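J.: Sequence first, then the predicted structure, then my questions.
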Amino acid sequence: MLEIENLSVEVGGRRILKNINLKVESGYTNVLFGPNGAGKSALLMTIMGFSGYNIVEGNIYFKGEDITDLPLNERASKGLGIMTQRPPNMVGVKLRDLLEVTAGEKVNIDALVHELNMDSFLDRDINVGFSGGEIKRSELLQLAAQEPSLYLLDEPESGVDLVNISQIGGMIRKLLHGEMKCAGKRRKEGHSGLIITHTGQIMDYVEADKGYILCNGTIMCSGNPRELLGEIKEHGYGECIKCKVKQS
Amino acid sequence: MQSKTELKKKALNALEKRSEYGEDFDLSEFKVTSGGPEAIQNLEELDEDTKKLLLSAGIVPSGKGRLGTLLMTDNTVSHSSVTDKNIELTSTRKALQKYDWLKDYYWKIVPVDADKYTASSYLENADGYFIRAPAGKKSSIPVQTCLMLGAKNVSQTVHNIVIVEEDAQLDIITGCATKKEVEKAIHLGISEMYVKKGATLNFTMIHNWSEQIGVRPRTVVHVEEGGTFINNYICLRPVKSVQTYPTVKLEGKGAFARMNTVAVAHPGSELDLGSRVIFNSPGTKAELISRTITTGGKVIARGEMIGNADKAKGHLECHGLVLSSKGMQRAIPILEANVEDIELSHEAAVGKIAREKVEYLMARGLTEDQSVGMIIRGFLDVGIKGLPEELESDINETINKIGSSSV
């Protein structure tokens, strides 16, 4: 689904991602761990194609096609969808109007709106005066309407209270896995995801297939996401950095 | 009450008085026509071009969905009709002949000697529309009036009087338009509006002039206790120069005013658009919202709130988008408190569309054009209702053009 090869990225002339190699297979949900400032959000923004993230080396392949130089709306129409951490206040742009333009033909918007308790937000300006949880629900609603094949989710659990997290987690699970419980079937027929998580909380709701640890702009480690999370909880990221140094 | 001789003297003395703001027009370059076009019984019999012109200024020629219609071409009121006999709609001159009491409303709140334009309008004995909603008469179906320029080099002088009696509700749509053949002309418009106790006036003005037209409206609104005045001003088409600074005086307890300004300055256009509210009674409230775009023209967005009574509350919002480096946006918010217990605030911002916002929409699959269009549409949408479909689609077309030319 997604393959990143030897990717290096600069922001404002400063190199923030170095030699990133990462893969999300079709139907897999991969998680990305890493301390604050490691470059996790920058990686997602780069994959989506936002300006200001200058690729100085490497390539991004999506569904086998090199999308390194594609504008972000073309990446979106090929099936990439993103939930960013701090989306802008879209003064004057009503949630309803955006959904009308972006929703796929088969999408039942009313049902999604209802499920995410967003009925009273449809005629509001997107993100203006929304709480943390409301922003996440609104982002998820937009993503669900867009029906991407790869979901890029930047810390879906951050700034969200316990009631909202179960709703948001449940929705993400549904979007990625549908009703499928069997891992084999899920990997074959489900959607793909790349999720940034600090706490691993989202893994209570979605089945994560593979984990990556990003520190100082570099992938330090990859493997079983639960094992990685356990390590991080016990020893912190310092150990990952030492381990990487030893390897090289 | 000032005598006619006093008013005339004042006007004569002010004939050379330049306006405080805006380009100075030499009125001797324009001529005031008399006679003008013949009376038109049915606006649907007008030629197709004129009908289209009316629609693009928000005026429905069939009069469908309207309480009444009045058309003034150059200096002649050529049509006036009502579908609801409770509403009075006629020319100002006729109304002045009919009602002796109307002199108490005539040149009462707009000073004759404000500048050369008011003075000249007085001396020309300008005609215009007189609209009165009787006490308790409530309707949300609008009365429509159209001020059209039809002759070359014409100076159109207009004097409108609107009276909304106690507890009545009145909606007015005024459309201004210029016929194709008119290259250069000037419009001077005096409007005196009275919103009585508990009454509501929704006033929407659509300016659809053309490249070489100078426009100098002079409007004052008097709002009594519990009264509401809503003003929508829309100017999305090219015009040479508009300078206007309508003033609302909140003269009774709890009176409220909202003034929305939505405008685009095209290359060559100079828009000096203000809104002023004077809080003269306790517990009065106002909201002034200005959303302007320059695609190469000049915009000065003024907003002024003067608090003279306790518990007055007002907010002023001035947002300007710059879509061309040749354009200019200047926001001038003014707040003045003359008593202690008062709450006035403002927010003003001018600049380009944030890249972040365009990309937010692009990440949902919209093209850059579509994204910019959606942001501009949202920016200009201040929730004005009751515009004819033709005008709505005209507005959409303008927005799309602005959107794609700014990318």
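T.: Sure, I can see it. Numbers count the residues shown, from 1 in each chain, chains lettered A, B, ... in the order given.

J.: pretty sure residue B:387 is touching residue B:60, no?
T.: No: shown here, residue B:387 and residue B:60 do not form a contact pair, counting by CB atoms under 8 Å, at 10.2 Å. Placement of C-beta: from N, CA and C, glycine included.

J.: ok, the residue in chain B positioned nearest to chain A - contacts?
T.: Using CB to the nearest CB, the point where chain B gets nearest to chain A is residue B:378, with a distance of 2.5 Å. With contacts defined as CB atoms under 8 Å, 6 or more residues apart in numbering or on different chains, residue B:378 is in contact with A:90, A:91, A:92, A:93, A:94, A:97, A:125.

J.: at 10 Å instead, please
T.: Counting by CB atoms under 10 Å, 6 or more residues apart in numbering or on different chains, residue B:378 makes contact with A:90, A:91, A:92, A:93, A:94, A:97, A:98, A:125, A:126, B:291, B:357, B:399.

J.: same check, this time on residue B:236
T.: Going by CB under 10 Å, 6+ apart, residue B:236 touches B:56, B:206-208, B:262-266, B:293, B:380, B:391, B:394-395, B:397-399, B:401-402.

J.: after the helix or strand hosting residue B:249, next one along is what?
T.: Assigned by DSSP states H and E, residue B:249 falls within strand B:247-250. Per DSSP H and E, the first helix or strand lying C-terminal to strand B:247-250 is strand B:256-265.

J.: Sheet partners, orientation included, of that following strand?
T.: Take DSSP bridges as the rule and strand B:256-265 pairs in its sheet with strand B:228-235 (parallel), strand B:285-294 (parallel).

J.: Grab the nearest non-local neighbour of the one residue in chain A that gets nearest to chain B.
T.: Closest residue of chain A to chain B, CB to the nearest CB: residue A:92 (2.5 Å). The shortest distance from residue A:92 to any non-neighbouring residue, by CB to CB, 6 or more residues apart in numbering or on different chains, is to residue B:378 (2.5 Å).

J.: Tell me, what's the model's pLDDT at that neighbour?
T.: If you check residue B:378, the pLDDT there is 88.

J.: report the angle between the axes of the one helix or strand it maps to and strand B:285-294?
T.: Assigning secondary structure by DSSP H and E places residue B:378 in helix B:368-380. Using axes from the mean of the first three to the mean of the last three CA atoms, to 10 degrees, the direction of helix B:368-380 lies 150 degrees away from that of strand B:285-294.

J.: Check which helices and strands the following helix or strand past helix B:368-380 is in contact with.
T.: Moving toward the C-terminus from helix B:368-380, the first helix or strand encountered (DSSP H and E) is helix B:389-406. Using 3 or more CB pairs under 10 Å, 6 or more residues apart in numbering or on different chains; DSSP states H and E as the contact definition, the elements that helix B:389-406 packs against are helix B:48-56, strand B:200-208, strand B:256-265, strand B:285-294, strand B:312-322, helix B:368-380.

J.: Now find how far off-centre the strand holding residue B:249 is within its chain.
T.: 14 Å (CA atoms, centre = their mean, to the nearest Å).

J.: so which one among the contacts of residue B:378 has the lowest pLDDT?
T.: Lowest pLDDT among those: residue B:399, with 80.

J.: Give the burial count for that residue, as a bare number.
T.: By other CB atoms under 10 Å in any protein chain shown, the residues close to residue B:399 number 23.

J.: check contacts around it.
T.: Residue B:399 touches B:236, B:264, B:293, B:372-381, counting by CB under 10 Å, 6+ apart.

J.: could you say which helix or strand contains the closest residue to residue B:53 other than its chain neighbours?
T.: Nearest non-adjacent residue to residue B:53, counting by CB to CB, 6+ apart: residue B:177, 4.8 Å away. Assigned by DSSP H and E, residue B:177 belongs to strand B:169-178.

J.: Export that strand to PDB, keeping only CA atoms.
T.: Written as PDB, here are the backbone C-alpha positions of strand B:169-178 (Å, rounded to 0.1, in the frame of the first residue of the first chain):
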ATOM      1  CA  GLN B 169     -41.500  44.500  10.500                       C
ATOM      2  CA  LEU B 170     -40.300  45.400   7.100                       C
ATOM      3  CA  ASP B 171     -37.800  43.900   4.700                       C
ATOM      4  CA  ILE B 172     -36.300  46.000   1.900                       C
ATOM      5  CA  ILE B 173     -34.000  45.000  -1.000                       C
ATOM      6  CA  THR B 174     -32.600  47.900  -2.900                       C
ATOM      7  CA  GLY B 175     -30.600  47.100  -6.100                       C
ATOM      8  CA  CYS B 176     -28.500  49.600  -7.900                       C
ATOM      9  CA  ALA B 177     -27.500  49.000 -11.500                       C
ATOM     10  CA  THR B 178     -26.100  50.700 -14.600                       C
END
